Every structure is written in structure tokens, then in C-alpha cells.
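A.B. asks: here are the coordinates; sequence isn't available:
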């Protein structure tokens, strides 16, 4: 992680609460409940975020924080029989909450694409990769088979698949994990969507392939002027990809700010803990820090600050007595911590 990436003035970006830049995606006060054998359990609570055109917004946190289910709610992929959704999700001004499955199917692939964490499980093993890309083009753009096939080959070439014409006739099992992820990216971008959701797209890749994938996503974003919701637990990847970052913990956004400010001036103890666990930010020979404990399941969320049991700065009477709001002196840095103004937390530099 270079100094150039971590220092400088924060960009003029809207906060989670909104801003002047036109938003491709606006999520406001989103809450999700799942039906379990013990009844309805809330798994995401009061999440708000904006993604302007051409901007990458990160959603960061440990496993179990609610990142993936938030993205699945945006895509309308959660089962309706066992999920309650409240709040608002607007794509280019259109409300998605309450849309029929047919309406959502028309939007998925055409206006919003998704790159999943495990591409082999997302690609159909019974069809060639070329056919799977062409199917998206035929479904949403009404292309004939020959034209869709030609476009599919061009897309494979654009995402860096060598000998694209020949490899378009290959099946997913004939590709490496990195190549499968490139195919997923080609599918996500086939119809030039307004928004791409990337859910941990580099987690299963080795370091070299991960770097290539991130570089490719940056190139295609600039070329196509798309917005990206980038979901990850890796703050090193955040520094390379994101303009704005929302840190999630136990179903809530606990900090929201421009990428540079997050690294230089973290305000929430959870964010500080994540930064301290980055190997590149740890002095040589020093012991790598870890956050004690684990993310609690929704059934064990506290009434007050949900991070309190793991927090080194907790004051029980203040932090555990009542829910903590997401707030800040200005809209460019919001934090869900009652002691944010008192604590002198350390960033990754300085």
C-alpha cells in the first residue's frame, strides 16, 4: 500500500445520508429480517448509502457483518417467503423495493450486474462460457444468436481471455479460478449496466491474479463510466479500489467516509482494529494486532453499541445502555460511536 494511496485531501463525495452528486444507487434506512425456527430475526438494520456515477463505494467488515445480504437485497435475490425488507432501494431514481420478480429480472443484468465471490458456483457447468454471456445479451438486448455470439467473444477478449474465439466454446471447468472470474465480469458488463456489485471478487484468487483483476476492474470502470459497490473484508483492496468506504459491523454501518480519511483518521474503534490488522501497516518485527472475539450472531446483538463486548474503549454505562446513532459534525465523516470525539485513534500512517 503506497503513501500516495493513503495521503491527500479527501475527495468531494456524498455521505451515506446523501449529497449533491447524482446517485446511481440510493439505499435509505434498509433493514432486513429473516424467518428462522425461532421467529423473525433482524440481520441488517438502518443501512444507508449512496453511489454516484463512476464512483466505487466499499462495504467493509468481517464475515457476518451483513455485507453480502445487503448486496443481495439490492439485487432482489433474497427469498420473499422468508425475508422482510423495509426502507428504500432506488436505482437511477426507480424504487426497487416492492417490484415484482419479473420487473427485477428485467433490471438484473441490464442495469445492474453482479460479480460473485465464487465464480465456479455461479457459472452453469452445462453451458459454454460463450453461450452464458450470449444469453444475457439475447435476453436483455434482443440480439440474434450470431450477433450475441460475436459480442460474447469480444467481451471475453476485452476482459483478457486469450484466444477468445476458441475459449468461448470452453466450459467453466476448463478455466482457472481467475479466468472464471473474468468470465463473470464479462457477464456483469455485457449490457453496460449503470452499477456493478462485486461481492468479494478477489477472495479466492492468489495475489498476482488478484492484482490483475483489480487493475482490469479499474480500467473497465473508467472506460464504461460505471459505478461499483465493492464488498470486501480486505482494507488493502479498499485502498486500491474505493473512493468512499462504509464499514459494517453486526448489521449496521458504523463508519462512513472517503477512503483517504478512513486510513488517516479512523473514528470508530472497530475501524481502528481492522486497520491495525493490516500486515503492511505493522512495523517490521512487531506483533500483528487482532480484534478479540467474533462478530455476534443477530440473536445476540446488544441493545447499545454492538461492538462493546470487543471494544478496548468501552464505558459500560454509556455504551451499553441505548442504541448508538450514526452521526458526525459534517456529512463527510459519520460514525456510530459515543466516544468518537474523545478517542485519539491511530490511522495506518502517521
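C.D. replies: Here it is on my side, so go on. Please read all numbers here as calculations on a predicted model, not as lab measurements.

A.B. asks: Can you spell out which helices and strands pack onto the longest helix along the chain?
C.D. replies: If you go by DSSP state H, the chain has its longest helix at helix 207-224. The contact analysis (3 or more Cβ pairs under 8 Å, 6 or more residues apart in numbering; DSSP states H and E) places helix 207-224 against helix 177-189, helix 235-241. C-beta coordinates here come from the backbone N, C-alpha and C atoms, glycine included.

A.B. asks: Could you identify which of those has the lowest mean pLDDT?
C.D. replies: For those, mean pLDDT drops lowest on helix 235-241, to a mean of 91.

A.B. asks: So for stretch 300-316, what gets flagged as buried?
C.D. replies: 301, 304-308, 310-311, 313-314 (16 or more other Cβ atoms under 10 Å).

A.B. asks: helix or strand right after the longest helix of the chain?
C.D. replies: Sequence order places strand 227-232 as the next helix or strand after helix 207-224, per DSSP states H and E.

A.B. asks: okay, the angle between that following strand and helix 207-224?
C.D. replies: Comparing the axes of strand 227-232 and helix 207-224 via axes from the mean of the first three to the mean of the last three Cα atoms, to 10 degrees yields an angle of 160 degrees.

A.B. asks: List the residues that contact residue 306.
C.D. replies: For residue 306, the contact set (Cβ atoms under 8 Å, 6 or more residues apart in numbering) comprises 249-252, 296.

A.B. asks: SS state for it?
C.D. replies: coil (DSSP: H, G, I helix; E, B strand; the rest coil).

A.B. asks: and it, how far is that from residue 252?
C.D. replies: 7 Å (Cβ to Cβ, to the nearest Å).

A.B. asks: sorry, back to before: of the contacts of residue 306, buried ones?
C.D. replies: For those, buried by 16+ other Cβ under 10 Å: 249-252, 296.

A.B. asks: Widest-spaced pair of those residues?
C.D. replies: 252 and 296 (12.1 Å; Cβ to Cβ).

A.B. asks: Would you tell me which one of the buried ones among the contacts of residue 306 comes nearest to residue 80?
C.D. replies: Among these, and counting by Cβ to Cβ, the member closest to residue 80 is residue 251, at 19.8 Å.

A.B. asks: got TSV for the buried residues of stretch 300-316, with distance to residue 67 and pLDDT too?
C.D. replies: Listed next are the buried residues of stretch 300-316 as TSV, based on distance: Cβ to Cβ, whole Å; pLDDT from 0 to 100:
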residue	distance to residue 67	pLDDT
301	16	94
304	22	94
305	19	96
306	15	96
307	16	96
308	21	95
310	18	95
311	20	94
313	24	93
314	24	93
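
A.B. asks: Greatest separation within these: which pair is it?
C.D. replies: The widest separation within these (Cβ to Cβ) is 19.2 Å, between 301 and 313.

A.B. asks: quick revisit: tell me which of the helices and strands packed on helix 207-224 approaches residue 64 most closely.
C.D. replies: That would be helix 235-241 among those, by Cβ to Cβ, at 17.1 Å.

A.B. asks: Residues in contact with the helix or strand following that closest one: which ones?
C.D. replies: Beyond helix 235-241 in the direction of the C-terminus, DSSP H and E gives the next helix or strand as strand 244-249. Residues outside strand 244-249 that contact it (Cβ under 8 Å, 6+ apart) are 11, 13, 16, 47, 49, 55-62, 65-67, 70, 238, 253-259, 262, 268, 270-271, 274, 295, 306-307.

A.B. asks: Spit out the contact partners of residue 185.
C.D. replies: 115, 159, 201, 213, 216-217, 220.

A.B. asks: And those residues, which is closest to residue 153?
C.D. replies: residue 159 (11.3 Å).

A.B. asks: and residue 173, helix, strand or coil?
C.D. replies: Once three-state DSSP is applied, residue 173 turns out helix.

A.B. asks: Quick one: residues contacting it.
C.D. replies: 120, 125.

A.B. asks: ok, the residue sitting furthest away from the middle of the chain to residue 235 distance?
C.D. replies: The C-alpha centroid of the chain is most remote from residue 146, which lies 34.8 Å away (Cα atoms, centre = their mean). Computed as Cβ to Cβ, the residue 146 to residue 235 distance reads 46 Å.

A.B. asks: re earlier: give the buried subset of the contacts of strand 244-249 as a ChimeraX selection command.
C.D. replies: Entered in ChimeraX, the line below selects the buried ones among the contacts of strand 244-249, by 16+ other Cβ under 10 Å:
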select :13,16,47,49,55,56,57,58,59,60,61,62,65,66,67,70,238,253,254,255,256,257,258,259,262,268,270,271,274,295,306,307
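
A.B. asks: what about residue 208, neighbour count?
C.D. replies: 9 (other Cβ atoms under 10 Å).

A.B. asks: measure it to residue 176 for me?
C.D. replies: From residue 208 to residue 176 the distance is 12 Å (Cβ to Cβ).

A.B. asks: same question, residue 274
C.D. replies: 30 Å.

A.B. asks: Ok, residue 123 next?
C.D. replies: With Cβ to Cβ as the criterion, residue 123 and residue 176 are 13 Å apart.
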